[in-house]
Structure formats: structure tokens, C-alpha cells
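Asks: what follows is a predicted protein model with its sequence.
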Amino acid sequence: MHTSPTAHSASNSYISSRIQDKERGATLIELLVGLTIGLLTISVGLGAIMVSRGVTTTVSDTTTLQQQASYAFRVIGQQLRQAGGRPLNTAADPRDAATFVQPTAVTLSGLPPIAGLDAPTASQFIISLRYVNASESIYPSPPSSTPIEGYLTSDCLGSNPGIASAPIILNELRKNGTDLECSNSIGMVQPIISNLVDLKIRYLQQKLNVADSQPQFRYASAANLSPTDWPEVYGIEVCLELEGEQVIDTVGASYTKCDGTTATRGNKLRMVFKNIFHIRNHAWPKAIS
């Protein structure tokens, strides 16, 4: 069958038109829609990443500050509970009363077991704690069975220099910059924790009410305690304010400081920790000169 040139030309034109329609690119509107969807997807992803990073930073700072506060309270509490302690000389006859050890190198009546300052200078300490040093019979691990004389008590730095160097174990605390520092009996000073913003201490004093012979308790600052009041301190409240290291958005949030006032958090995490420690030892002489 013979096809006319006109029909053949029309067929080629139709095929060429279909091919061009298939090869045609996206229009400007389609391109803009695609870019908009892509940018929205990226912005949502970036927002999720920033939120995740902020949560991670906050959790990391919170964990760090809680660990630091826990360690500080453990060290401080160990020394506070021993303040004013004196070892006993056991009596040969169990029916006889035991007596307290009296160090030969120092006079206890001139050294209060607890003393403090509300606003210490850079070279002073906010609180000082003392207790009598003593060696004990320590039984070594088998196969050795012979006891040796050693020290089981330690100061805030984890050491005991011995009775010859330190008949009285002394622990002194202070805030130095952002560090909580402790000084021991031989003058060594080391930081316990960092990130410290504020350190406040209150004292719980127990006095006997003469009218009804009942004990009365009151919170007092160091300035309100006379030299004869310190032996009547039965508890100590320690407050630590710590600050995180990462910059975060606190959105104008506020918090209560150690002194009871309210302040804004700023652009870092701030946490306040309080603990009250009971003073268990009251074997120190009452007359403090």
C-alpha cells in the first residue's frame, strides 16, 4: 500500500511533538514548590536537632551538678559528724568509767570544735571543724595476724598526717572563685568541687530554757553565736549554689538562692542544694576561751 508524502509528514510531526512533550522540564512554579518543601523539611530537622541538643546539654549539666553536690555533702558530712569527737581510754575494769583522751600537745579548751564566719575574706574560711586524732589497732589481712597501729580516720583531703603532726584533725572550708576548697591540719589546700556560685551555712543551736527546763532550738548565723554558744551547736545547715557550664535558654526562669531571695537563672543552669547534718559528738570541754 502506498502512503502519500502528506500523510507521512503529518505522522513524523505528531511523533516529534510527543517526544518534545515527554522531554519538557519542570515549570518555575513546580520548582518553587519543590524548593519550599525541601526547605521546610530541613528547618524541621534542624529544629529537632537543636531541641535534642538543648535537652542533652541540660541533662548533662544537671547530672554533673548533682554529682558534685553529692560528693561535697559526703565529704562535709563526714567531717561534721566527727567534729568535737574524742577517743576514749578504756578502763581496765569494765565496771569503771572510761575517760576521754587528752592530747598532751594542745589544750582543747582554747580550740572550739566548730567555729565559723558569715562573710570571710579571701584568706579566711567560712567554717572550721576539729576533733581529736587517734591511732587504732588495725588487723591486717591473713596470713598476718599481728595488729598494727594505724589511722582509720581521715580529713577532708583523705589523709591523716599522724598524731605527731596533727594531734587535732582540722578541716576548714571556703569558697575560692568557683571552687569549694578544704584545708587540713598541715595547711594543705585542695578544691573539692567546682562550679560553685555561693556557699551559705546556718547553725542549729540548742539551749536549755530555764523556766521549764526544756530544750529550745534556733537557727543562728555565726555572728549571732558567742564563744560560749558554739558548744551548743547541734546541727549545721549547708547550702550550695552551683552553676552549669553550658549556655542554655532559660526563658527568664527564676530560682530561690541560698539566702532565700529570688533571682533569674540567666543563660546557664543553676541549682541549689541544702543538707542538714547532726553534730553527734559533744565531748569537748564546754569552757571555750
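Replies: Thanks, I have the structure now. Fair warning: this is a prediction, and the values are worked out from it, not measured in the lab. Numbers count the residues shown, from 1 in each chain.

Asks: after the helix or strand containing L31, which helix or strand is next?
Replies: Element membership for L31, per DSSP states H and E: helix 28-82. The helix or strand immediately downstream of helix 28-82 is strand 88-89, counting by DSSP H and E.

Asks: who does that following strand touch, helix- and strand-wise?
Replies: Helices and strands touching strand 88-89, by 3 or more Cβ pairs under 8 Å, 6 or more residues apart in numbering; DSSP states H and E, are strand 99-100. For every residue, glycine as well, the C-beta is placed using N, CA and C.

Asks: mind checking how far the strand it packs on is from the chain centre?
Replies: Distance, stretch centre to chain centre, for strand 99-100: 37 Å (Cα atoms, centre = their mean, to the nearest Å).

Asks: tell me how many other residues surround R218.
Replies: 10 (other Cβ atoms under 10 Å).

Asks: tell me the secondary structure for Y255?
Replies: Taking DSSP: H, G, I helix; E, B strand; the rest coil as the rule, one finds Y255 in the strand state.

Asks: can you offset everything so residue one is 33?
Replies: Got it, the first residue is 33 from now on, which makes the last one we talked about Y287.

Asks: burial count for it?
Replies: Neighbour number of Y287 under other Cβ under 10 Å is 15.

Asks: who's in contact with it?
Replies: Residues in contact with Y287 (Cβ atoms under 8 Å, 6 or more residues apart in numbering) are 294-295, 297, 302-304.

Asks: same thing with Q110?
Replies: When contacts are counted by Cβ under 8 Å, 6+ apart, Q110 touches C188.

Asks: just the buried residues from the contacts of Y287, in ChimeraX please.
Replies: Selection of buried members from those for ChimeraX, criterion 16 or more other Cβ atoms under 10 Å:
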select :297,302,303,304
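
Asks: might you specify the subset of the contacts of Y287 located within helices?
Replies: Under the assignment DSSP state H, the contacts of Y287 contribute nothing to helices.

Asks: out of the contacts of Y287, which one sits closest to V279?
Replies: Looking at the contacts of Y287 and their distance to V279, the nearest is R297, at 11.6 Å (Cβ to Cβ).

Asks: from memory the closest one sits against T288, does it?
Replies: No - with contact defined as Cβ atoms under 8 Å, R297 does not reach T288; the gap is 11.1 Å.

Asks: give me phi/psi at the closest residue to A285 other than its chain neighbours?
Replies: In this structure, A285 finds its nearest non-sequential neighbour in R297, 4.8 Å apart by Cβ to Cβ, 6 or more residues apart in numbering. Note on R297: its backbone torsions stand at phi -70, psi -20 [degrees, to the nearest 10].

Asks: report pLDDT for R297.
Replies: Listed pLDDT for R297 reads 85.

Asks: repeat that for the one 4 residues further on.
Replies: The predicted local distance difference test score for L301 is 88.

Asks: ok, it - contacts?
Replies: 90, 93-94, 97, 275-276, 278, 280, 282.

Asks: now, which of the residues you listed sits nearest P152?
Replies: Among the contacts of L301, and counting by Cβ to Cβ, the member closest to P152 is E275, at 20.5 Å.

Asks: secondary structure class for the closest one?
Replies: strand.

Asks: and it, how close does it get to Q99?
Replies: 14 Å (Cβ to Cβ, to the nearest Å).

Asks: Y251 and I233 touch, don't they?
Replies: No - taking contacts as Cβ under 8 Å, Y251 lies outside contact range of I233: 10.7 Å.

Asks: residue contacts, the residue positioned nearest the centre of the chain?
Replies: Centroid-nearest residue in the chain: A101, 1.8 Å away (criterion: Cα atoms, centre = their mean). A101 makes contact with 225, 272, 274, 303, 305, according to Cβ under 8 Å, 6+ apart.

Asks: report how many residues lie close to the last one.
Replies: Taking other Cβ under 10 Å as the criterion, the count of residues near F305 is 17.

Asks: now do the helix holding L63, average pLDDT.
Replies: Here the average pLDDT along helix 60-114 is 81.

Asks: chain center to that helix, what's the gap?
Replies: Chain-centre distance of helix 60-114: 21 Å, with Cα atoms, centre = their mean.

Asks: one step back: the more surrounded of Y251 and I233?
Replies: I233 (18 against 11).

Asks: how near is that one to T131?
Replies: Counting by Cβ to Cβ, the gap from I233 to T131 is 33 Å.
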